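In: The following block contains a protein sequence and its predicted model.
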Amino acid sequence: MVNGSEQNDLGIIDEGGVAIDNGRIIESSSSQLLERKYSAPRQIDASGEIVLPGFVDPHTHLVFHGSREEEFQLRQEGASYLDILKKGGGIMETVNRTRESSQAELLSIAQHRLNIAMESGTTSLEIKSGYGLRLYDELKILRTIRQLQRKNPCRIAATFLGAHAIPPYTDQEEYARIVIDEMLPTVRRGNLADFCDVFCESGVFDQEASTKILKAAGRMNLPAKIHADQFTNNGGAKVANDVGAVSADHLIHSSISEMEKMNKTGVTPVVLPVSSQSLLNHQYAPARELLSMGLPVALGSDFSPSNWAIGLLTVAAIAARELRMKAEEIIRGITINAARAVGMDHRIGSLSPGKSADIVVLRAPSHKWIGYTYGERMVDKVLIAGKETVREGKLVN
């Protein structure tokens, strides 16, 4: 069993177990000790398997309509993500498809994806809007996320990402004003989001506009998250530090000095290696440097129409190969550090007493199989708040 509660110690317990009552963890210890100490009406056998905290995905774009396989073909031929965006493809292609979809259609599509995530071991996740880019459609996406929250046992953090791209026939200054003066107040009044995010990147939102949007969100009690420096060093990490963001995500081209400051500002770095692989440009966040700085590196899927991967065990495999992250670092990255990146580390992310009994049981002889394999058929059971949600790799009806 792997507790996962310490920054430099996974708290591995051989032949361990977890005692649960009313959906919360009472104690994690050796199975023999727990059997002597407690009586239980039901026991779940995990013999020959490993028990970990439920996986947490701190960065997804789960709610959208359509796919972009043709764009992937263009990237294979050498086109860049930003070039495709400038020509009206990329995000804007998905925006158009999502605008044409009803809320009921989006809910059905997103529910199917969420089921796959839960069967892959994810017990909590963040979902962003951002494929509406006008008030009505951003609200439609956020309301879909709230519906998913009500319908499902997993924990979902909703992030308003109205500043995901600049729509045609407007400019950065005008669209940032719309986000600040029209979208944010409506989102806040409806209690539709837990965070506000912005895509701080060359050709999208610069430092000044990103800071204005996130500070406006802060005045409305919406904590900041940021897409930072994915394609260029556009100062996204600096914005994250300046506004005290909960997390800064991507960080491929961020300056070392700004990343070092995150130890003081409390910003959690979120790296997204599968997203980098999907872009075919072989550019990854400097995870080893971030870890050497003592930062709590989180890992996310960045599931989106340009990056069709939702299982965190797949993310783990890519992190091991492309970022040279070790199994222990990966486990913290998809549990306690990821929980911190969505502001939930006091409730989930480890098997500590008092936390929600969110647990994943894997068919593996050792925790070192995380990253070593690609995770196919590895998830056996998933518990959320003590209730068995997945059994033998399939959702329990």
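Out: On my side now, so go ahead.
In: Ser28 pairs with what?
Out: Beta-bridge pairing of Ser28 under DSSP bridges involves Val18.
In: Return the residues in contact with it.
Out: Met1, Asn3, Gly11, Ile13, Gly16, Gly17, Val18, Ala19, Leu351, Ser352, Pro353 (C-beta atoms under 8 Å, 6 or more residues apart in numbering). In short, each C-beta sits where N, CA and C put it, glycine included.
In: Same question for Cys154.
Out: Leu114, Ala117, Met118, Thr122, Thr123, Ser124, Leu125, Ile384, Thr389 are the contacts of Cys154 under C-beta under 8 Å, 6+ apart.
In: Would you format those as CSV with distance to Ile330 and pLDDT included?
Out: As requested, the contacts of Cys154 are exported to CSV (distance: C-beta to C-beta, whole Å; pLDDT from 0 to 100):
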residue, distance to Ile330, pLDDT
Leu114, 23, 98
Ala117, 17, 98
Met118, 20, 98
Thr122, 15, 98
Thr123, 17, 98
Ser124, 17, 98
Leu125, 17, 98
Ile384, 21, 98
Thr389, 23, 98
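In: who's in contact with the spatially closest residue to Ala339 that is not a sequence neighbour?
Out: Nearest residue to Ala339 in three dimensions, chain neighbours excluded: Gly349, at 3.1 Å (C-beta to C-beta, 6 or more residues apart in numbering). Going by C-beta under 8 Å, 6+ apart, Gly349 touches Gly4, Pro53, Val56, Thr335, Ile336, Asn337, Ala338, Ala339, Arg340, Lys355.
In: which ones among the residues you listed are found in strands?
Out: Pro53, Val56 (DSSP state E).
In: In helices, which of the contacts of Gly349 fall?
Out: If you go by DSSP state H, the contacts of Gly349 have Ile336, Asn337, Ala338, Ala339, Arg340 in helices.
In: From these, list the buried ones, please.
Out: For the ones in helices among the contacts of Gly349, a neighbour count by 16 or more other C-beta atoms under 10 Å gives the buried set as Ile336, Asn337, Ala338, Ala339, Arg340.
In: wait, doesn't the second one sit right on Gly300?
Out: No - checked against C-beta atoms under 8 Å, the pair Asn337 and Gly300 is beyond contact range at 10.3 Å.
In: where's the dip in pLDDT among the contacts of Gly349?
Out: Lowest pLDDT of those: Gly4, 66.
In: Identify each buried residue in the helix or strand where Gln73 lies, please.
Out: For Gln73, the host element (DSSP states H and E) is helix 69-76. Within helix 69-76, the residues scored as buried using 16+ other C-beta under 10 Å are Glu71, Phe72, Leu74, Arg75.
In: and the closest residue in space to the third one that isn't next to it in sequence, how many neighbours does it have?
Out: On the basis of C-beta to C-beta, 6+ apart, the spatially nearest residue to Leu74 that is not a chain neighbour turns out to be Ile84, at 6.1 Å. Taking other C-beta atoms under 10 Å as the criterion, the count of residues near Ile84 is 20.
In: What ranges does the stretch 51-200 of the chain have for its strands?
Out: All strands of the stretch 51-200 of the chain, identified by DSSP state E, counting those that start in this stretch, fall at 55-57, 122-128, 155-163, 195-200.
In: Buried residues of the least confident helix or strand in the chain by mean pLDDT, list them for me.
Out: Using mean pLDDT, DSSP states H and E, helix 81-86 stands out as the lowest-scoring helix or strand of the chain, at a mean of 76. Under the neighbour-count criterion of 16+ other C-beta under 10 Å, helix 81-86 has Tyr81, Leu82, Ile84, Leu85 buried.
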